[in-house]
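Novice: Curious how this folds, go ahead:
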Amino acid sequence: MNDIQKEILNNKDINYCNFASKIVPSKQIYLRVPVAKKIAKKYAQTSEGMDFLSTLPHESTDEYIVHGLMIGHIKDVDITTKLLEQFLPYIDNWATCDMTCSNLKIVKKYPNLFEKLVKRWLKSEKFFVKRFAIVILLSYFLDDFFDEKHLDLVNFTCENYYVKMAQSWYYSVALVKKYEATIKLFENSLIKDKWVLNKSIQKACESYRMTDEKKHYLKNFKI
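Specialist: Residues are numbered from 1 along each chain as shown. Next up, the predicted model:
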């Protein structure tokens, strides 16, 4: 057992696991997010950290979460993308997926590269690789790097609940940040998955960042 695994074990929180098991079904997660981030930052630039990143599969969901967060601390984009390609097929829950995305700030420095990667990841047969791609678009491509074509990239049908939720989350935030471009999809009945359409509207209407007038108008397109 290496020092990273020991530190993960030493920081286990049973009470947090009881809470996490309710929102991440079938996955035992003992590390609170701030602790996981602290461990990831501590070891990311060390030789032991690189050894940990090169060792897959892991034994626990906590190890996968720390692994994903550690990738975000790598400064070399070639190493980052290589580590991601190795890691993504092992993601099997939304928490690992979304936390890895949240710490991947290097996307902002290389948007063109990651846009290409997103397009490829969306074609993956693995559901959480698809979700990862959507959350990357949501997290980093709805501001300075937005392109209306991204709205079409996310517009596909998929039977997986976690992919559908990511699509709905994406469109709800797009409605807040890029309303004029996004509302056209709803006005013209272009959202391919009706469940995604309805959930997007619901989530957008729950946002405090949308005006009541826009919310009222948006509800007209619910099916």
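
Novice: can we go C-alpha only for contacts and neighbour counts from here?
Specialist: OK.

Novice: Check what pLDDT the spatially closest residue to residue 37 that is not a sequence neighbour gets.
Specialist: Computed as C-alpha to C-alpha, 6 or more residues apart in numbering, the closest residue to residue 37 that is not its neighbour in sequence is residue 69, at 6.5 Å. Residue-level confidence at residue 69 comes out at 98, pLDDT.

Novice: for residue 69, what are its contacts?
Specialist: Contacts for residue 69 were tallied using C-alpha atoms under 8 Å, 6 or more residues apart in numbering; they are 36-37, 40-41, 99-100, 103-104.

Novice: what separates residue 68 from residue 28, distance-wise?
Specialist: From residue 68 across to residue 28, the span is 16 Å (C-alpha to C-alpha, to the nearest Å).

Novice: One more: residue 121?
Specialist: As defined by C-alpha to C-alpha, residue 121 lies at a distance of 27 Å from residue 28.

Novice: who's more crowded, the two?
Specialist: Neighbour count, other C-alpha atoms under 10 Å: between residue 121 and residue 28, residue 121 has more, with 21 against 18.

Novice: So what does that one look like in phi/psi?
Specialist: Taking degrees, to the nearest 10, you get phi -60, psi -30 for the backbone angles of residue 121.

Novice: any idea how far residue 133 is from it?
Specialist: 6 Å.

Novice: repeat for residue 123
Specialist: According to C-alpha to C-alpha, residue 123 and residue 133 sit 10 Å apart.

Novice: neighbour count winner among those two?
Specialist: The residue with the greater number of neighbours, taking residue 123 and residue 133 and applying other C-alpha under 10 Å, is residue 133; the counts read 27 against 12.

Novice: The more buried one: what's it in contact with?
Specialist: Listed by C-alpha under 8 Å, 6+ apart, the contact partners of residue 133 are 118-119, 121-122.

Novice: Just the mean pLDDT for the host helix or strand of it, thanks.
Specialist: Taking DSSP states H and E as the criterion, the element that holds residue 133 is helix 127-140. Helix 127-140 shows a mean pLDDT of 98 in the predicted model.

Novice: and residue 57, what does it touch?
Specialist: residue 90.

Novice: Export the helix or strand hosting residue 170 to CSV, keeping only CA atoms.
Specialist: Taking DSSP H and E as the definition, one finds residue 170 inside helix 161-177. Once non-C-alpha atoms are left out, helix 161-177 reads as follows in CSV (Å, rounded to 0.1, in the frame of the first residue of the first chain):
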residue,chain,number,x,y,z
TYR,A,161,-30.0,8.2,-17.2
TYR,A,162,-26.7,9.9,-16.4
VAL,A,163,-26.1,11.0,-19.9
LYS,A,164,-29.6,12.4,-20.2
MET,A,165,-29.2,14.3,-16.9
ALA,A,166,-25.9,15.8,-18.3
GLN,A,167,-27.6,16.8,-21.5
SER,A,168,-30.4,18.5,-19.5
TRP,A,169,-28.0,20.2,-17.2
TYR,A,170,-26.1,21.5,-20.2
TYR,A,171,-29.1,22.9,-21.9
SER,A,172,-30.5,24.5,-18.7
VAL,A,173,-27.2,26.3,-18.2
ALA,A,174,-27.0,27.2,-21.9
LEU,A,175,-30.5,28.8,-21.6
VAL,A,176,-29.1,31.0,-18.8
LYS,A,177,-25.8,31.9,-20.4
